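Q: Here's my sequence, what's the structure:
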Amino acid sequence: MAIAIAVIVLALGSILFFFFSPWSLTPLASNWGAIDDTIHITLWVTGAVFVAVNLFLAYVIIRYRYHKQRRSHYEPENKKLEAWLTGLTTIGIAGLLAPGLLVWGSFVSPPEEAHEVEVVGQQWHWSFRFPGEDGRFGAVHNRHISDDNPFGMIDDPAGQDDVLVESPRLVLPVDRPVRMVLRSKDVLHNFKVANFRAKMDMLPGQTSYFWFTPTEVGEYEIVCAQLCGIAHFAMRGRVEVVEEEAFEEWLAGQPTHAELAAREPPDPQAGEGHYATCAACHGREGQGNPDLNAPKLAGLEGWYLERQLELFRNGARGTHDDDTFGQQMRPFAASLPDRQAVTDIAAYIEALPDEPVEASLTGNAERGARLYRTCGSCHGNEGQGIRATNAPRLAGMPDWYLARQLQNFREGVRGRHSEDPYGNQMVDMAQMLVNEQAVDDVVAYIMTLPRAGQVLAAVNPSGEEE
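A: Numbering: from 1, shown residues only. As a prediction, the model looks like this:
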């Protein structure tokens with residue numbers, strides 16, 4: 001009897017939880033109310049089966065409970081019961097599948113007036129491409145992807161005016177249907193925006209697509225809904241739905257493939273002139289100065305330096321009240337007049353000699369090696385940095401600065417700005433370091449990693465290998 005009561009309580013409790021739970025679907029912001037209707041049909045069908053099965057189970061437990069005078073009756077077949085079960089199951093499955101199949105057919109049948117956006121997924125980043133004035137996408141292929149050609153663009157005239165958006169921020173016009181073309185650079189991903197009730201797998205080597213019409217102005221989160229690696233949970237972006245005029249203005253401000261290809265190469269000599277101000281804190285050779293809380297710059301890649309300077313210039317870094325040293329950096333970065341100046345100074349710094357730094361913190365490098373396994377997925381097993389994952393070099397950087405930034409990420413002092421997507425990822429990843437000791441340990445291990453180009457074999461003064 002106690003078991004039967006427990007089953008009944010479980011069933012009734014589940015029903016009450018469903019109706020009175022504070023959790024529900026996110027607000028609908030697209031035309032796909034039909035998907036909500038399908039979800040509700042699924043809930044009602046499965047809910048009815050759940051209640052019926054549990055109440056029947058409770059009845060069976062009570063009706064056929066043990067009695068020493070009772071003997072069981074063996075009945076291997078009951079055609080009437082089998083017919084009822086087969087018929088009810090068929091109706092239930094049809095009720096589950098039919099609405100979904102109808103909605104799916106519409107989900108992959110975009111209207112002719114829909115404009116197009118290509119979504120490119122990679123570990124662990126989103127980027128986007130719009131067709132240019134000709135209304136056609138240029139040809140692309142993953143084999144052509146490189147640091148200088150992240151979209152894998154092919155020499156195709158139709159691709160010269162394609163608009164390339166490398167940041168994980170997508171802007172779409174409200175009340176205008178859009179066909180989303182999906183492809184992956186590396187592994188299986190899934191593009192999902194819960195408010196749009198829209199998601200689709202992205203398979204390497206092929207494209208998939210769906211469509212929707214944004215109906216509510218606002219900002220919505222993009223997530224990857226397919227386990228794609230260790231930083232899967234941090235693979236996020238955002239969609240901003242705006243009025244048509246705002247969308248056109250934003251799109252006009254994004255570079256085309258031809259414009260990116262035509263950019264002037266960086267001029268390190270011009271960058272040297274811009275660096276004169278930086279040298280007061282960071283040193284003439286970019287060696288850094290811990291007394292001035294200025295980190296080492298020599299040894300960092302130009303692409304990373306460019307990104308950091310742009311973040312300071314646009315206010316995505318150095319605006320938090322507790323980021324004292326970031327606030328000091330902002331006016332210096334703002335003194336760079338344009339993007340060309342940023343690339344010039346980054347090229348100059350990248351060419352500075354990379355001298356070793358001494359450890360100033362104590363930590364358990366052996367324990368830090370275990371903690372670093374997660375970091376290595378993005379930054380490389382040797383801390384060399386991987387541009388494809390937007391992760392800078394760590395090996396050879398000063399430990400006091402690494403420790404301070406990890407603490408800033410853990411506390412949300414750095415990386416929480418909406419225009420700092422990679423900082424947002426670091427905030428999430430840094431949470432695995434549960435305390436200051438863990439930070440010191442992982443930094444101690446990073447200090448054991450060889451610098452880029454460093455000769456690992458020790459050589460004694462006589463020139464012989466030890």
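
Q: ok, which stretches of this structure are strands?
A: In the chain, the strands defined using DSSP state E lie at 115-122, 125-130, 163-165, 169-173, 178-184, 189-193, 198-202, 208-212, 218-224, 236-242.

Q: Adjacent strands (with direction) for the last one?
A: It refers to strand 236-242. The pairing partners recorded for strand 236-242 under DSSP bridges are strand 169-173 (parallel), strand 218-224 (antiparallel).

Q: so how far is the longest one off the chain centroid?
A: Read it as strand 218-224. Its chain's C-alpha centre and that of strand 218-224 lie 11 Å apart, by Cα atoms, centre = their mean, to the nearest Å.

Q: Give the rounded mean pLDDT of it.
A: If you average the pLDDT over strand 218-224, you get 93.

Q: which parts of that strand are buried?
A: Neighbour-count burial for strand 218-224 flags Y220, I222, V223, C224 (criterion: 16 or more other Cβ atoms under 10 Å). C-beta: built from backbone N, CA, C; applies to glycine.

Q: which one of the residues you listed is nearest C281?
A: Sorting the buried residues of strand 218-224 by how near they are to C281, with Cβ to Cβ, puts I222 at the top with 37.7 Å.

Q: Could you check how far the closest one is from N390?
A: In this structure, I222 and N390 are 16 Å apart, going by Cβ to Cβ, to the nearest Å.

Q: Count the residues that sit near the closest residue to F128 other than its chain neighbours.
A: The spatial neighbour of F128 that comes closest, neighbours along the chain excluded (Cβ to Cβ, 6 or more residues apart in numbering), is V165 at 4.2 Å. A count of neighbours around V165, defined by other Cβ atoms under 10 Å, yields 21.

Q: Likewise for A395?
A: Applying other Cβ under 10 Å, we find 19 other residues in the vicinity of A395.

Q: Kindly report the same for A270.
A: Neighbour number of A270 under other Cβ under 10 Å is 16.

Q: same question, Q327
A: Going by other Cβ under 10 Å, the residues that sit close to Q327 add up to 15.

Q: quick one: contacts for it?
A: Contacts here follow Cβ atoms under 8 Å, 6 or more residues apart in numbering; on that basis Q327 touches G318, T319.

Q: And the pLDDT at it?
A: As summarised for this prediction, Q327 has a pLDDT of 89.

Q: next one: L81
A: Reading off the per-residue confidence, L81 sits at a pLDDT of 85.

Q: Tell me how far it lies from N364.
A: Applying Cβ to Cβ, one obtains 66 Å for the distance of L81 from N364.

Q: With neighbour numbers in mind, choose between these two.
A: Per other Cβ under 10 Å, whichever of L81 and N364 has more neighbours is N364, with 16 against 10.

Q: Do I have it right that that one meets T448?
A: No - when contacts are counted by Cβ atoms under 8 Å, N364 is not listed as touching T448 (11.5 Å).

Q: Between the strands of the chain, which one is closest to G368.
A: From those, taking Cβ to Cβ, the stretch that ends up closest is strand 125-130, at 26.5 Å.

Q: Could you give the separation of that closest one from the chain centroid?
A: On the basis of Cα atoms, centre = their mean, strand 125-130 is displaced by 12 Å from the centre of the chain it belongs to.

Q: what pairs with it, and is each one parallel or antiparallel?
A: According to DSSP bridges, strand 125-130 forms sheet pairs with strand 115-122 (antiparallel), strand 163-165 (antiparallel).

Q: hey, what's E221 bridged with?
A: Under DSSP bridges, the beta-bridge partners of E221 are R238.

Q: For it, give its distance to R169.
A: Counting by Cβ to Cβ - E221 and R169 are separated by 11 Å.

Q: now do E306
A: Taking Cβ to Cβ as the measure, E306 and R169 are separated by 18 Å.

Q: Tell me what W126 is bridged to.
A: G121.

Q: Neighbours of it, how many?
A: Residues lying near W126 (other Cβ under 10 Å) number 25.

Q: Likewise for L57?
A: For L57, the number of neighbouring residues by other Cβ under 10 Å comes to 16.

Q: That one reaches I8, doesn't it?
A: No - under the contact definition of Cβ under 8 Å, L57 does not touch I8, with a separation of 9.2 Å.

Q: follow-up on the earlier one: redo the strands of the chain as CSV? Include distance to Q384.
A: Formatted as CSV, those follow (distance: least, Cβ to Cβ, whole Å):
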stretch, distance to Q384
strand 115-122, 19
strand 125-130, 19
strand 163-165, 27
strand 169-173, 28
strand 178-184, 25
strand 189-193, 25
strand 198-202, 28
strand 208-212, 34
strand 218-224, 25
strand 236-242, 25
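
Q: closest to G33 out of those strands?
A: Using Cβ to Cβ as the criterion, the shortest distance between G33 and those is 11.2 Å, found for strand 208-212.

Q: Pull the residues that contact that closest one.
A: Taking Cβ under 8 Å, 6+ apart as the criterion, the residues outside strand 208-212 that touch it are 30-32, 107-111, 114, 177-183, 196-198, 200-202.

Q: Pull out the buried members of those.
A: Restricting the contacts of strand 208-212 to buried positions leaves 30-32, 107, 110, 177-183, 196-198, 200, 202, with burial counted as 16+ other Cβ under 10 Å.

Q: tilt between the helix ranked longest in the chain and strand 198-202?
A: Ranked by residue count under DSSP state H, the longest helix found in the chain is helix 33-63. With axes from the mean of the first three to the mean of the last three Cα atoms, to 10 degrees applied, the angle from helix 33-63 to strand 198-202 works out at 90 degrees.

Q: related to what we said a few turns ago, what two of the buried residues of strand 218-224 are the furthest from one another?
A: Farthest pair in the buried residues of strand 218-224 (Cβ to Cβ) is Y220 and C224. Separation: 14.6 Å.

Q: Quick check: pLDDT value at the nearest residue to W32 once chain neighbours are set aside.
A: In this structure, W32 finds its nearest non-sequential neighbour in R197, 4.1 Å apart by Cβ to Cβ, 6+ apart. Model confidence at R197, expressed as pLDDT, equals 92.

Q: Need phi/psi at R197.
A: With angles defined as degrees, to the nearest 10, R197 sits at phi 50, psi 40.

Q: Distance-wise, check G385 relative to Q340.
A: The spacing between G385 and Q340, counted by Cβ to Cβ, is 24 Å.

Q: So for these two, which sits in the more crowded spot?
A: Comparing G385 with Q340 by neighbour count (other Cβ under 10 Å), the higher total belongs to G385, at 21 against 16.

Q: Name the residues contacting each of E221 and R169.
A: In terms of Cβ under 8 Å, 6+ apart, E221 and R169 are both contacted by the residues G237, R238.

Q: The residue nearest to W32 and D36 touch, don't they?
A: Yes - with the criterion set as Cβ under 8 Å, R197 and D36 qualify as a contacting pair; they are 6.6 Å apart.

Q: Please enumerate the shared neighbours of the two.
A: The contact lists of R197 and D36 share L28, where a contact means Cβ under 8 Å, 6+ apart.

Q: show me the contacts for L96.
A: By Cβ under 8 Å, 6+ apart, L96 lies in contact with I41, T42, V45, T46.
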